[in-house]
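1. sequence unknown, structure follows:
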């Protein structure tokens with residue numbers, strides 16, 4: 001027995017020596033795994049932050065896309081395979097004459113004249129069958145829509161295989177073109193040239209539509225594709241004017257040989273109707289040119305990089321008021337300028353904001369009483385609240401939501417303007433990280449409030465704005 005026990009002791013010691021190195025190896029492996037796990041956790045944290053930054057950038061891009069989509073000057077409508085509306089921008093809702101929140105789920109055929117219902121179905125069916133962009137002119141039918149005729153340009157967004165999941169339609173108001181065609185029907189001598197110009201305009205419009213998916217380049221496309229035909233149209237109208245003068249000289253003796261009624265009609269055409277129509281064409285081209293320039297300016301403002309420096313707002317406003325000295329003296333306007341701060345902001349942007357707001361206030365003062373304009377400012381921390389108050393004509397509650405929209409004018413249209421001044425202000429205030437709103441009462445006056453941050457916001461610095 002003692003011999004056996006003594007023989008077991010060396011075996012037990014050997015077993016302990018064998019297990020000990022294995023335990024040390026396990027501990028070392030666990031330590032290595034923990035270090036790898038820590039490194040991977042750190043890497044995942046970095047990847048997570050990068051993903052969050054990417055999501056923020058995507059959200060910013062989505063918001064910019066949404067703004068361009070909403071405020072585009074032509075209507076955009078997205079519909080499903082059955083032709084039911086799933087999305088529409090502001091211009092599209094205005095063209096079709098209904099609040100866009102009410103339009104979701106409604107078939108596009110509802111907004112088309114009964115005689116054109118078959119055309120809209122054929123329009124969508126042709127687009128689906130051909131897989132190509134289809135253009136159709138339709139007569140609209142809506143109680144609130146001011147548009148009678150519109151051009152529908154539709155393309156498909158394919159899904160899996162050959163299935164059509166969505167239609168995307170651009171709606172353009174061509175009522176003016178139709179009316180112009182009716183008005184110039186009696187001008188047989190100029191009809192061919194005008195129709196050729198109209199075809200060129202349609203061509204450039206279709207070119208604009210074909211590239212409209214690149215919304216960031218929208219303003220450049222407008223400038224490139226619309227200015228040339230406008231210059232051509234204006235040039236042709238002037239040439240027709242010169243031709244009309246020559247025609248008068250040629251027709252002087254011939255007209256005398258015509259019956260009295262015919263002489264009167266020819267004289268009326270050559271001295272009244274034809275010059276009036278040519279003047280209408282030239283005026284319309286000038287107005288369209290101003291609209292294009294205004295839209296370009298608005299788009300460029302939205303892309304402009306803000307440069308922040310210390311700006312004395314009181315001194316800046318005093319200089320702006322000096323530029324309006326003539327209007328202020330002529331209308332005996334009382335200016336009440338409260339103390340204004342020095343803040344770090346973009347001088348060009350803030351100067352344009354105050355210039356447009358003061359110009360607007362002066363334009364719409366009530367001529368039946370002495371004009372009063374008051375500027376003031378309060379602040380809480382680094383956020384400054386400015387107000388521009390006048391005792392002018394005022395704005396109805398229904399129009400308040402429209403006054404900052406592009407190419408939209410509210411109230412009486414008895415003063416010149418293109419409806420872009422307050423749209424510029426809205427874009428600039430937004431670029432500076434602020435907000436703008438309005439309070440008004442007809443016959444009492446208007447108060448416009450906007451906020452400006454002292455210096456760029458952190459989000460703006462992060463985005464390089």
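-> Received, thanks. As the structure is a computational prediction, the values presented were derived from the model and not from experiment. Numbering: from 1, shown residues only.

2. how near is the spatially most central residue of the chain to residue 430?
-> Nearest to the geometric centre of the chain sits residue 71, at 2.8 Å (C-alpha atoms, centre = their mean). Distance of residue 71 to residue 430, computed by C-beta to C-beta, to the nearest Å: 12 Å. Heads up, the C-betas are built off the backbone N, CA and C, glycines and all.

3. what's the answer for residue 116, then?
-> Residue 116 is 40 Å from residue 430, by C-beta to C-beta.

4. more crowded one of the two?
-> Between residue 116 and residue 430, counting by other C-beta atoms under 10 Å, residue 116 is the more crowded of the two (21 against 15).

5. wait, that one sits on residue 149?
-> No - between residue 116 and residue 149 there is no contact under C-beta atoms under 8 Å: 9.8 Å.

6. common neighbours of these two, please.
-> Residues touching both residue 116 and residue 149 (C-beta atoms under 8 Å, 6 or more residues apart in numbering): 138, 139.

7. ok but residue 171 is inside a helix, no?
-> No - Residue 171 is assigned strand when assessed by DSSP: H, G, I helix; E, B strand; the rest coil, not a helix.

8. thought residue 149 was touching it, still the case?
-> No - here residue 171 does not reach residue 149: they are 10.8 Å apart, not a contact under C-beta under 8 Å.

9. these two: who's more crowded?
-> Here residue 171 and residue 149 are set side by side on neighbour count (other C-beta under 10 Å), and the busier one is residue 171, at 25 against 18.

10. with adjacent residues omitted, what lies nearest to that one?
-> The shortest distance from residue 171 to any non-neighbouring residue, by C-beta to C-beta, 6 or more residues apart in numbering, is to residue 75 (3.6 Å).

11. show me what contacts that neighbour?
-> Residue 75 sits next to 88, 89, 91, 92, 93, 94, 95, 96, 150, 170, 171, 172 when contact means C-beta under 8 Å, 6+ apart.

12. redo that, cut-off 7 Å
-> Counting by C-beta atoms under 7 Å, 6 or more residues apart in numbering, residue 75 touches 89, 91, 92, 95, 170, 171.

13. residues contacting the helix or strand hosting the fourth one, please?
-> Residue 95 belongs to helix 90-96 when elements are defined using DSSP states H and E. With C-beta under 7 Å, 6+ apart as the test, helix 90-96 has contacts from 70-77, 99-100, 103, 111, 140, 142, 145, 147, 150, 171, 173.

14. show me what secondary structure element comes after that helix.
-> helix 100-103.

15. show me where the stretch 51-200 of the chain has its helices.
-> If DSSP state H, counting those that start in this stretch is used as the criterion, the helices of the stretch 51-200 of the chain fall at 90-96, 100-103, 117-130, 175-183, 188-210.

16. among these, which is nearest residue 166?
-> helix 117-130 (10.9 Å; C-beta to C-beta).

17. what's the burial count for the residue nearest to residue 124 when sequence neighbours are not counted?
-> Leaving aside its chain neighbours, residue 124 sits nearest to residue 83 (5.4 Å; criterion: C-beta to C-beta, 6+ apart). Residues within reach of residue 83, counting by other C-beta under 10 Å, total 18.

18. list the contacts for residue 83?
-> 107, 108, 109, 124.

19. ok, of these, which one's closest to residue 436?
-> residue 108 (34.7 Å).

20. next one, pLDDT for that closest one please.
-> Here, the pLDDT recorded for residue 108 equals 88.

21. again with residue 143
-> Per the predicted model, pLDDT is 63 at residue 143.

22. just residue 3 next, same as before
-> 44.

23. same thing with residue 305?
-> Residue 305 carries a pLDDT value of 75.

24. that one: what secondary structure?
-> coil.

25. quick one: the strands in the protein?
-> Assigned by DSSP state E, the chain shows strands spanning 75-80, 85-88, 134-139, 149-158, 164-173, 309-312, 334-337, 342-345, 372-380, 383-390, 436-441, 445-453.

26. so can I have JSON lines of the ones you listed showing distance to residue 351?
-> Below are those laid out as JSON lines (distance: least, C-beta to C-beta, whole Å):
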{"stretch": "strand 75-80", "distance to residue 351": "34"}
{"stretch": "strand 85-88", "distance to residue 351": "37"}
{"stretch": "strand 134-139", "distance to residue 351": "44"}
{"stretch": "strand 149-158", "distance to residue 351": "40"}
{"stretch": "strand 164-173", "distance to residue 351": "35"}
{"stretch": "strand 309-312", "distance to residue 351": "9"}
{"stretch": "strand 334-337", "distance to residue 351": "15"}
{"stretch": "strand 342-345", "distance to residue 351": "10"}
{"stretch": "strand 372-380", "distance to residue 351": "14"}
{"stretch": "strand 383-390", "distance to residue 351": "13"}
{"stretch": "strand 436-441", "distance to residue 351": "16"}
{"stretch": "strand 445-453", "distance to residue 351": "12"}
